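Student: Model the structure of this input:
(chains A and B)
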Amino acid sequence: AQRVTQPEKLLSVFKGAPVELKCNYSYSGSPELFWYVQYSRQRLQLLLRHISRESIKGFTADLNKGETSFHLKKPFAQEEDSAMYYCALSGQSRGGSEKLVFGKGTKLTVNP
Amino acid sequence: GAVVSQHPSRVICKSGTSVKIECRSLDFQATTMFWYRQFPKQSLMLMATSNEGSKATYEQGVEKDKFLINHASLTLSTLTVTSAHPEDSSFYICSAWTGVMLGYTFGSGTRLTVV
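Tutor: Okay, the predicted model is just below:
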């Protein structure tokens, strides 16, 4: 069964501090991992996905198959990073018919 | 590009009535759409997967007769909450696959309140 675990419900850091949002997954096949962000009163937006290996807004995430993790990191947090972050997993499918399974989310607060 | 438009954004209805929520893909064709439910301060729970021209696939525990999903065209999927009760009050979100480059995109959600 697919499962995504985000152990921290809340995470609070100061501006300029490094931040790491943890995500672990359980999946028997080859997963595709995503991070989505939801700013206050806005829709869910894709932040990054492991296959693209991009850095968006200074965030990076590396898929560690040995540890089944996909932690999200940023070296210097900004106040505008305050939002709800969701880690999500789907099976790999070019057709896009694979469902996304979400973790429970981590609310990040960056204090001035 | 790759926008999903979801309407209405908010709806209040009386117990026992039905409510329809629409999701349209504006600049792409969505063969598959996903419907999620989000309780306050909780994650998104997948309710069903709708495929254009065929019956939706419901997740375990989701009543298909209560949450009717129709995906009649490549740009429109609807979720109808039938005979709504206060416990159906929630935030409903649709999502569609936009392709390999952009992946999944989400609607802005519908806040349903049943009184």
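Student: where do the strands sit along chain A?
Tutor: Taking DSSP state E, the strands of chain A run over residues A:3-5, A:10-14, A:19-21, A:24-26, A:31-38, A:45-49, A:60-61, A:72-74, A:83-91, A:101-102, A:106-111.
Student: ignore the last one, chain B
Tutor: B:4-7, B:10-13, B:19-25, B:32-38, B:44-51, B:57-58, B:67-73, B:76-81, B:90-97, B:104-106, B:110-114.
Student: Show me which residues of chain B sit near chain A.
Tutor: Counting by Cβ under 8 Å from any Cβ of the partner chain, chain B comes close to chain A at B:31-32, B:34, B:42-46, B:49, B:51, B:93, B:95, B:97-100, B:102-109. In short, each C-beta sits where N, CA and C put it, glycine included.
Student: What is the neighbour count of the closest residue to chain A within chain B?
Tutor: For chain B, the residue closest to chain A is residue B:97, as judged by Cβ to the nearest Cβ, at 2.6 Å. Residues within reach of residue B:97, counting by other Cβ atoms under 10 Å in any protein chain shown, total 25.
Student: Look up the residues forming beta bridges with it.
Tutor: According to DSSP bridges, the residues that bridge with residue B:97 are residue B:104.
Student: Let me have the strands of chain A in CSV, extended by distance to chain B.
Tutor: Listed next are these as CSV, based on distance: least, Cβ to the nearest Cβ, whole Å:
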stretch, distance to chain B
strand A:3-5, 9
strand A:10-14, 10
strand A:19-21, 14
strand A:24-26, 14
strand A:31-38, 7
strand A:45-49, 6
strand A:60-61, 14
strand A:72-74, 16
strand A:83-91, 7
strand A:101-102, 5
strand A:106-111, 8
